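> need a 3D model of the following:
(3 chains, ligands or ions: 4)
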Amino acid sequence: MKSSSVFSPHSSFAWSIYHLNVFVLIAMGVILLLVSGLVLYASWRFRAIGGEGTPKPNFGNLRLELMYTILPAMLLAAIMVFTVRTMQSSDPPQGAHPDDVEVVGHQWWWEFRYPQAGFVTANEVHIPVDTPMLFGLGAADVIHDFWVPELGRKEDMIPGTHGRIWLAADRANTYSGACAEFCGVEHAWMRIRVIAQSKQEYASWLHQQQQTPALPASGEAAAGLNLFQQLSCANCHTIRGTGTSGTIGPDLTHLASRETLAAGRLNNTPDQLYLWLQQPDIYKPGSHMPNLHLTDMQLHSIVAYLETLR
Amino acid sequence: MTSSEFFGNKTRLAVLLFLASEGIFFAFLITGYVFYHGAVKNGPDAHNSLDVLKTGIYTIILLSSSATIYMAERALKRKQKGFSFWMGITVVCGLVFLFGEMREYMRLLQQNVTISRNLFGSTYYTVTGFHAAHVTIGIILMGILLLLSFRGGIKEKDHIGVEVISYYWHFVDVVWVAVFSVIYLWSTR
Amino acid sequence: MSEISVLPQPMHDLEVEESRAGLLRWAASVDHKQIALMYMMASIVFFVFGGVEALLMRLQLAIPNNAFLSPETYDQLFTLHGTTMIFLVTVPVLLGFGTYIVPLMIGARDMAFPRLNALGFWLFLFGGFLLYFSILAGNAPDMGWFSYAPLSEKSYSSLGGVDYWALGILAIGIGTVSTAINLIATVATLRVPGMTLRRLPLFAWMSAVNSFLIIFAMPAINAAAAMLFIDRNLHARFFTPDAGGSPVLWQHFFWNFGHPEVYIMILPAFGIISEVIPVFSRKAIFGYGFVAASTVAIGLLSFGVWAHHMFAVGLGHPMDIFFAAGSALIAIPTGIKIFNWIVTMWGGTIHFTTAMLFAVAFLIEFTIGGLSGVIFAVVPIDWQLTDTYFLVAHIHYVLFGGTMFGILSGVYYWFPKFTGKMLSEKLGKWNFWLTVIGFNATFFIQHVLGAEGMPRRVWTYPDLPHWYWMNMLSTVGAFVLGFAFLVLFWNIWRSRKMGEYAGDNPWSAWTLEWATSSPPPIYNFAEVPPVHGRRPIWDLENPEHTDAKQGGRS
Ligand code: HEA
Ligand code: HEA
Ligand code: CUA
Ligand SMILES: [Cu+2]
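Ligands and ions are numbered 1, 2, ... in the order given. Next up, the predicted model:
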């Protein structure tokens, strides 16, 4: 799995926070060294070894006290100036820029809408490299929080409100993020993948996602499609072109083009897809995807069908 | 009395601190109301549901009870007669106010304005309900004073007890002034 | 003792209590010392609950993809752990120290309102029972200690856990306020003649300021909890977004309480440190005025910084900057205290008793926590690190490295006064070193974990680079820490019976609680020494070198 450290920034936004972070950490480190140095030195130097009389009292020294009132104040003022500047560079104004991606947090998965291209996907979001993208943030149920440490700030997704943050990546890569506001039972398995691609690859991905997958005509996959439409799957899921329009669960139109399942819980291989459909309650206990107690045959058919959704 | 003598009485000090805490409690409830003021776009709200005039009259009655309790306290301090009389009037004023508020509630409930109807209902009943509970407690406290005085038990030395109960009652009145201004007088859209 | 002062009289008859026996005598007690001990004992019990909850969490987190606990159980554990440690451990144990020590320090016979004192304790205990009763009722609260709406609303938490939480908090809140009022009234009206406010011991100062914070902060959560309860049970709409309610309003209300609350948990600990460091350095406190005044400054500032818990909400840059600046300001008065304590040690003759060891460790551990607080006040860094294990590290460095180290110092310092027996210094040293090692092993690494992207409140986690060993280290540390507390409990249990006799003033300390027997008689003092300065016992014992003669202002 990928790292997700704030110390490996991969966008101008994350870089500017990184610089501030390093500066503040060094400043705090110096203060810590100073304080602990003084404490340890005093502890050693003035430890009782017997024989000394009563120490001379010292009731106060205004000059000294003012010094350690004013010096920290100056340091803090400097930090605050740096803070305000970094707020602007890491979270620049959004103006009237339209949202490039709409993110909707659900208990416990992510819906990603591409309003310009006109399709919906889930849990994995693709962006072109070196192109700041404006992410609109909303929530369908409780508060979630969108956070990809290497790419920039996080922001809460509060139901009834619409937040916006910039995200960018300076290298084609997969970046790992997570929901950062406790949102209930499976908050732990609400992970994000941001896949940054070269502009061409991104364009072809967009193109592919806009297509409606062909319906399988015969064989296992066709049986799977049938099951999908007849079982309750269709109540919760949408697969374009099949007449299904559920919105409780993720859009599955191009499920097979994703790398993971259930917000990072499993890898998207036929085997693991099988396991997920068989026992979602074991792999993600508490998840709103029910265990439908499908038979082995049903499972094989559905997996075969879902695997066609490239 | 100097201020250090004034606050040097532990009972008085404690009750004033308690009322400060209570005041902040109400400040938050009222903030909740103000925050949602105008949030209801259609449906019952302060503008189209409340009876400002009638409640205004009950408000005057409640406020005048601040004066009557002051009279009661003064009578006690000066060792004059009239403590029970003025205290009795105060209790009656409180009861009348509660009665008025109950009528307002009944009227609203008949129009199906409930605490769960919308944000106006939620905030309105919460603020006024907590206030009414405080009025009720005040009436009970004063009722006890009244009973004690009928049995001849209240002397000038009990003055501090009466004094802090009167603080409480003034406090309840002041809170109502805030509530009435914010909810009733600020009900135009 | 030539001068005998007339004591301000508390108004209850002391003979009544002595006739009752055993448990009932405790239950019916209105003596401040007994009530204080009940506060402390109840907190210890709750601390064991909260600690075992923490150990279970750490076991679950020891390895990635662990299934030792179900997610539901884990969520209940951290909610109970946070709520317990804050409302049922730190605050009451500090109030316990306050109700025991403050009346003694100011030469009073009891609190101003002994019965109210008992009421405060029993309300707190009742609130604690309500919270824990939820487990028996089959659904402990599981939405986190700050209970964010709408997760805490009926639609997402349909079982009764949140209701127990809300009612428990209300009961605790009212009880805490009544004790705070009592402490202020005590300090304000029952000081022995001669004890002016400028001679008031710093622990009493800080307990009083702390009480003001309680009185002004608690109503916010009481109002919010009442609204939440009304939402859940009468279907009101305060915090439900689908009906126009605002989840952000809950956050404002909660943190209006929540931020002052964190200082409510540290100020009395500052007070303990301000007593312990001078006594074991054999020097009067340096800069009494600055230490007392900075406490007031912290108290005032603490009401203006609440939205630093909401930087990730997106309130807009101007709001964020305002609250960031306020938060940074608090570092200044806090720093003054730290430096004044260090200067107090400077040039002293330092006796490293266990109490002093904890106090000295406090200086370093709390500074780490305070500095990570300042890091959070730097808004963009908060945008990165909020709600990660970096935050878990911050709160434990301030709450454990600060408050708990202060409490432990206080336990070793005042135990002789409470019981008449000394705690074993040998076990104390074990206790201390195990605590320091266990504590830092558990929590220091969590700074790194947070920076490496691990969110808080996750019941399990994927095997990302380094996460495994860092979590494992933290779990091991937690068990070392647990063991340190076993040593402490054993030390208390053993010394209570077999400890050396303490005598009135085993540390040669200078404040009035040491001028009476250990434990003090029910009436506290047969006679109170005269108070002419901040260190009455010093003045009494060194008539040639009283503080006044040595140039101390008072
Ligand atoms: C004992 C409790 C306690 C104390 C004392 C503090 C002290 C401070 N805290 Fe902390 N805090 C908590 C308990 C506490 N905190 C808790 C429980 C939470 C989390 C709640 C939750 O989400 O669950 C929290 C969260 C929290 C946040 C929100 C983080 C987030 O959710 O994203 C912030 C942000 O600003 C913050 C800041 C501070 C600051 C600036 C201080 C300052 O007061 C620190 C001041 C002290 C020092 C700085 C050290 C000594 C000073 C010097 C040696 C002088 C020189 C120093 C400088 C010049 C910098 N705290
Ligand atoms: C004063 C407050 C306080 C204290 C003392 C502690 C003490 C400890 N805390 Fe706590 N903690 C909080 C306040 C506190 N905590 C708060 C407010 C939260 C946030 C909650 C939330 O998110 O809602 C939190 C959250 C929190 C988390 C994050 C959970 C999450 O986000 O998923 C973790 C994880 O490691 C943790 C661990 C610990 C540990 C290991 C201890 C240890 O120090 C405990 C040591 C004590 C004991 C171990 C018990 C005593 C000993 C015995 C009973 C003997 C038996 C021992 C053995 C068998 C070894 N705490
Ligand atoms: Cu979604 Cu946490
Ligand atoms: Cu805070």
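> what's across from the residue in the stretch 1-150 of chain A that ligand 3 sits nearest to in the sheet?
Using C-beta to the nearest ligand atom, the point where the stretch 1-150 of chain A gets nearest to ligand 3 is A:H144, with a distance of 3.5 Å. For the C-beta atoms, the positions are set from N, CA and C on the backbone; glycine is no exception. Here A:H144 shows beta-bridge partners A:M157, assigned using DSSP bridges.
> tell me the contacts of the residue of the stretch 201-310 of chain A found nearest ligand 1?
The stretch 201-310 of chain A approaches ligand 1 most closely through A:G286 (22.2 Å), counting by C-beta to the nearest ligand atom. Under the criterion of C-beta atoms under 8 Å, 6 or more residues apart in numbering or on different chains, the neighbours of A:G286 are A:W108, A:G184, A:V185, A:E186, C:P71, C:E72.
> pick out the most distant pair among those residues.
A:W108 and C:E72 (13.5 Å; C-beta to C-beta).
> anything in contact with each of those two?
Both A:W108 and C:E72 are in contact with A:V185, A:G286, where contact means C-beta under 8 Å, 6+ apart.
> compare those two and say which is more crowded by neighbours.
Each of A:W108 and C:E72 has its neighbours counted (other C-beta atoms under 10 Å in any protein chain shown); A:W108 has more, 25 against 16.
> let me see the ranges of the helices in chain B.
Under the criterion DSSP state H, chain B carries helices at the ranges B:3-8, B:10-35, B:46-49, B:52-77, B:83-110, B:119-150, B:159-179.
> count of neighbours near A:R113?
Residues lying near A:R113 (other C-beta under 10 Å) number 18.
> and it, its phi and psi?
According to degrees, to the nearest 10, the main-chain angles of A:R113 amount to phi -110, psi 140.
> what's the closest non-adjacent residue to it?
Nearest residue to A:R113, sequence neighbours excluded (C-beta to C-beta, 6 or more residues apart in numbering or on different chains): A:E102, at 4.0 Å.
> you'd agree that neighbour is in a helix?
No. A:E102 sits outside any helix when classified using DSSP: H, G, I helix; E, B strand; the rest coil, being strand.
> if we can go back for a sec, skipping adjacent residues, who's closest to the residue of the stretch 201-310 of chain A closest to ligand 1 in space?
Closest residue to A:G286 in three dimensions, ignoring its sequence neighbours and counting by C-beta to C-beta, 6+ apart: A:V185, at 3.3 Å.
> secondary structure element holding that neighbour?
Using DSSP states H and E, A:V185 falls within no helix or strand.
> close to ligand 2, is the host helix or strand of C:A185?
Taking DSSP H and E as the definition, C:A185 sits inside helix C:161-189. No. Between helix C:161-189 and ligand 2, judged by C-beta under 6 Å from any ligand atom, nothing touches; the nearest distance is 11.0 Å.
> hang on, the earlier thing: redo the contacts of A:G286 as JSON lines? Include pLDDT.
Output for the contacts of A:G286, formatted as JSON lines (pLDDT from 0 to 100):
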{"residue": "A:W108", "pLDDT": "93"}
{"residue": "A:G184", "pLDDT": "95"}
{"residue": "A:V185", "pLDDT": "95"}
{"residue": "A:E186", "pLDDT": "96"}
{"residue": "C:P71", "pLDDT": "95"}
{"residue": "C:E72", "pLDDT": "94"}
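> what residues are up against A:W147?
A:K154, A:G177, A:A178, A:C179, A:A180, A:I192, C:P455.
> where does pLDDT dip in chain C?
Residues of chain C meeting the criterion pLDDT under 70: C:1-22, C:553-554.
> typo on my end, chain B
B:1, B:188-189.
> name the residue of it that lies nearest to ligand 1.
Counting by C-beta to the nearest ligand atom, chain B gets nearest ligand 1 through B:F28, at 19.8 Å.
> what about the closest residue to that residue other than its chain neighbours, which helix or strand?
In space, not counting the residues next to it along the chain, B:F28 is nearest to C:A223; the distance is 3.7 Å by C-beta to C-beta, 6+ apart. Here C:A223 is covered by helix C:202-234, with elements defined by DSSP H and E.
> one step back: export the contacts of A:W147 as a markdown table, with columns for secondary structure, distance to ligand 3 and neighbour count.
As requested, the contacts of A:W147 are arranged in a markdown table below (DSSP: H, G, I helix; E, B strand; the rest coil; distance: C-beta to the nearest ligand atom, whole Å; neighbours: other C-beta atoms under 10 Å in any protein chain shown):
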| residue | secondary structure | distance to ligand 3 | neighbour count |
| --- | --- | --- | --- |
| A:K154 | coil | 11 | 27 |
| A:G177 | strand | 11 | 27 |
| A:A178 | strand | 8 | 28 |
| A:C179 | strand | 3 | 29 |
| A:A180 | coil | 7 | 29 |
| A:I192 | strand | 10 | 23 |
| C:P455 | strand | 8 | 28 |
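> tabulate the residues you listed (TSV), appending distance to C:W490.
Written out in TSV, the entries for the contacts of A:W147 read as follows (distance: C-beta to C-beta, whole Å):
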residue	distance to C:W490
A:K154	45
A:G177	46
A:A178	42
A:C179	43
A:A180	41
A:I192	48
C:P455	37
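> related to what we said a few turns ago, quick one: the residue of the stretch 1-150 of chain A closest to ligand 3 from C:L183, how far?
Per C-beta to C-beta, to the nearest Å, A:H144 is found 42 Å from C:L183.
> neighbour-wise, which of those two wins?
Neighbours around A:H144 and C:L183, counted as other C-beta under 10 Å, are more numerous at A:H144. The numbers are 30 against 27.
> so that one is in contact with A:M190, correct?
Yes. Taking contact to mean C-beta atoms under 8 Å, the distance of 7.0 Å between A:H144 and A:M190 places them in contact.
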